[in-house]
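# model this:
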Amino acid sequence: MSNALIEAIEKRRTQYALGKNITQEQEEITALVEQAVKLSPSAFNSQSSRVVILFNQQSEKFWHIVMNELRAIVPADKFAPTEAKINGFAAGIGTILFYEDQQTIAGLQQQYPSYAEQFPIWSEQGSGIAQFAVWTALANAGIGASLQHYNPLPDATAAKEWQIPVSWKLRAMMPFGSNEAPFPEKTFIDDTERFKVFY
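Alright, predicted model coming up:
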């Protein structure tokens with residue numbers, strides 16, 4: 001059975017070899033990311049996901065911040081692989097920072113106290129959905145990306161640099177760019193270990 005969404009999802013892969021050979025304009029990519037986030041579902045339609053899109057030098061600046069934070073905790077004699085990885089992220093044309101607005105979550109907790117402990121969990125789920133939607137949309141447009149989690153290391157410096165509201169909590173970062181290497185074959189565990197079906 002053919003399904004356009006499944007075919008798009010199949011294109012979503014982790015790409016570490018990023019470049020700047022992109023044909024789309026920055027405005028086109030921005031619109032794509034914004035639409036993917038806006039169309040992503042969230043608990044109680046809370047729309048708590050927030051996104052910062054950094055292009056070119058701004059993206060490189062973010063990864064420089066991450067690099068500096070890592071230098072403080074990774075031994076110098078073991079830093080070369082870390083440096084190479086961060087430079088790989090900076091080699092793309094941009095980075096998307098995914099945040100969750102804690103003020104929105106707190107408001108829902110006050111409005112619906114019986115669900116209060118669930119809203120932070122649902123927020124994380126909503127953020128994951130938004131990240132997946134953006135990643136898939138980029139892949140469907142022929143743009144490579146990966147999902148990274150260096151938070152909370154760069155949080156404070158990034159918040160100051162880009163004037164991020166204090167209620168926004170950084171959850172993930174997605175460097176993106178042209179696909180500069182082929183994808184390896186994707187492997188899957190056996191279906192019997194993941195699925196139970198009853199008719």
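
# the lengthiest helix in the chain - contacts with which helices or strands?
As assigned by DSSP state H, the longest helix anywhere in the chain is helix 119-140. With contacts taken as 3 or more Cβ pairs under 8 Å, 6 or more residues apart in numbering; DSSP states H and E, helix 119-140 sits against helix 4-11, helix 26-38, strand 49-55, strand 94-101, helix 102-111, strand 144-145, strand 168-179. Glycine gets a C-beta too; all of them are placed from N, C-alpha and C.

# export the ones you listed as a markdown table, with columns for distance to Gln125 and mean pLDDT.
Formatted as a markdown table, the helices and strands packed on helix 119-140 follow (distance: least, Cβ to Cβ, whole Å; pLDDT from 0 to 100):
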| stretch | distance to Gln125 | mean pLDDT |
| --- | --- | --- |
| helix 4-11 | 18 | 94 |
| helix 26-38 | 14 | 98 |
| strand 49-55 | 11 | 98 |
| strand 94-101 | 10 | 98 |
| helix 102-111 | 12 | 98 |
| strand 144-145 | 20 | 98 |
| strand 168-179 | 11 | 98 |
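
# show me the one of the ones you listed that comes nearest Lys20.
Counting by Cβ to Cβ, Lys20 lies closest to strand 168-179 out of the helices and strands packed on helix 119-140; the figure is 5.9 Å.

# now do that closest one against helix 102-111, angle only.
Relative orientation of strand 168-179 versus helix 102-111 (axes from the mean of the first three to the mean of the last three Cα atoms, to 10 degrees): 130 degrees.

# mind listing what's buried along strand 168-179?
Using 16 or more other Cβ atoms under 10 Å as the test for burial, strand 168-179 gives 168-179.

# return the distance of that strand from the chain's centre.
Centroid separation for strand 168-179 versus its chain: 4 Å, with Cα atoms, centre = their mean, to the nearest Å.
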